[in-house]
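Colleague: Generate coordinates for the sequence data below:
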Amino acid sequence: MTNRVLRVGFIGAGENTRKRHIPGMRMIPDVELLGVVNSSAESTALVARNFEIPRQYTDWKALLADDEIDAVVIGTWPNLHCELTCAALAAGKHVLCEARMARNVSESRQMRQSARAHPELIAMLVPSPLGLECDAEVSRMLRHDYLGDLREVVVFGVDDQFFDYSAFLHWRQDSVISGVNMLSLGMLHETVSRWIPQPVRVTSQTCVFEPSRPNPHGDGQLRVSVPDSVQALTQYAGGACGIYHCSGVAIAGLGKQVQLYGSLGTIKVTFGEQDHVFVARAGEKTFRTLNIPSETRGGWRVEAEFVGAIRGEERVKRTDFDSGVMYMEFTEAVAQSATRGQMITLPLAEWFLSSAETCWLSPTEESSTTRSPLMHRIAR
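Modeller: Residues are numbered from 1 along each chain as shown. The predicted structure is shown next:
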């Protein structure tokens, strides 16, 4: 694509779209924010007014039918990602899709197939923000054999975001909307996968401690269909083993962190307002803080990377659809292991997916009768 003005449309304008994608796009020269459609006419008008977006649409199909829109940012809940992405690519639009990629591996592979059918278009996923600052430095250390042979992987995503059982059911607790991904599992695994290979076997267990939450769109309770807690054991081709622990109901939990233990050293990364990297070599009893050089310190540049890829100035690094399918396979393997009570081998075979497609995705009687129709169409 030449450096003519790139016209962008937004389907769904949730928090991340309003805080990151719209401001990020506005900072790029020769990018015009042309149109938006949100969950209702009122919310569409509000976003258009607040961000000076000239065109409003009654539904997402009308936005995709607008020939003047070159690229689409999809900011809906995961239950619409597959349909919208495939439709946008078929309409000749470049696509930046919000994470999570989809609800399950089947949908994510449909998205990847659509992207491969349109190689002239850029298809990109919003990456996990975890580790973007320290990624280059941690990757450099691993290339220079700081760990030696990888032995153990420990991943924590442990907090109390869902501890209040009187709070309304969150969309992340509804598998009809969010799919098989649990808590921060997919986000953390995407980050870990930048540094080490994929596991080859997964065994897991999960728990829902409070089975229902108040209905945010009416009276009564809705069933919690995504676990509050998950533990997964992983095995790697080189002989290493790992533990993932994610929880949304842990008081004073450890937060989000990754620990990589090797035959020569250890790297620990904690995530928060900033990435912090701690290292130790054989013979050292305590961690040392690693200062990330300014020249290798990364950061959020999702919108710039998307536009740069469209203009042929760079390639998609964080995150392409192949990487998205890999983290979707991991989250599905964790879900299936807990559901079936058995070890799951990666990568997932086609026959396995066909038999597992309905895992965690069947709506309860409550959710099918009381959920607002808007929730099935588009994220607020």
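
Colleague: Tell me how far the residue of the chain most remote from its centre lies from residue 148.
Modeller: Going by CA atoms, centre = their mean, the residue of the chain most distant from its centre is residue 283, 37.9 Å out. Distance of residue 283 to residue 148, computed by CB to CB, to the nearest Å: 13 Å. To be clear about C-beta, it is placed using only N, CA and C from the backbone, and glycine gets the same treatment.

Colleague: Next: residue 83.
Modeller: Distance of residue 83 to residue 148, given as CB to CB: 46 Å.

Colleague: the more surrounded of these two?
Modeller: Ranked by neighbour count (other CB atoms under 10 Å), residue 83 and residue 148 place residue 83 first, with 16 against 13.

Colleague: which SS state does the more buried one fall under?
Modeller: What DSSP: H, G, I helix; E, B strand; the rest coil gives for residue 83 is helix.

Colleague: Quick one, grab the pLDDT at it.
Modeller: Note on residue 83: pLDDT of 97.

Colleague: again, but for residue 260
Modeller: Looking at residue 260, its pLDDT is 98.

Colleague: host element of it?
Modeller: According to DSSP states H and E, residue 260 maps onto strand 255-262.

Colleague: Only the buried residues of that strand, if you could.
Modeller: By neighbour count with 16 or more other CB atoms under 10 Å, strand 255-262 contains the buried residues 256, 257, 258, 259, 260, 261, 262.

Colleague: and if you look at stretch 17-28?
Modeller: In stretch 17-28, counting by 16+ other CB under 10 Å, buried: 17, 20, 21, 22, 24, 25.

Colleague: try stretch 218-235
Modeller: For stretch 218-235, burial by neighbour count (16+ other CB under 10 Å) applies to 222-235.

Colleague: That one: end-to-end distance?
Modeller: Separation of the first and last residues of stretch 218-235 by CA to CA, to the nearest Å is 44 Å.

Colleague: quick one, domains of this structure?
Modeller: Following automatic domain parsing, the chain resolves into domains at 6-129+301-319, 135-298+326-363.

Colleague: Can you tell me which of those domains is most buried?
Modeller: domain 6-129+301-319 (a mean of 20; mean count of other CB atoms under 10 Å).

Colleague: Kindly check the end-to-end length of that domain for me.
Modeller: Span of domain 6-129+301-319 from end to end, CA to CA: 21 Å.

Colleague: now stretch 29-42
Modeller: End-to-end distance of stretch 29-42: 30 Å, with CA to CA as the criterion.

Colleague: pLDDT of that stretch, averaged?
Modeller: Taken as a whole, stretch 29-42 has a mean pLDDT of 95.
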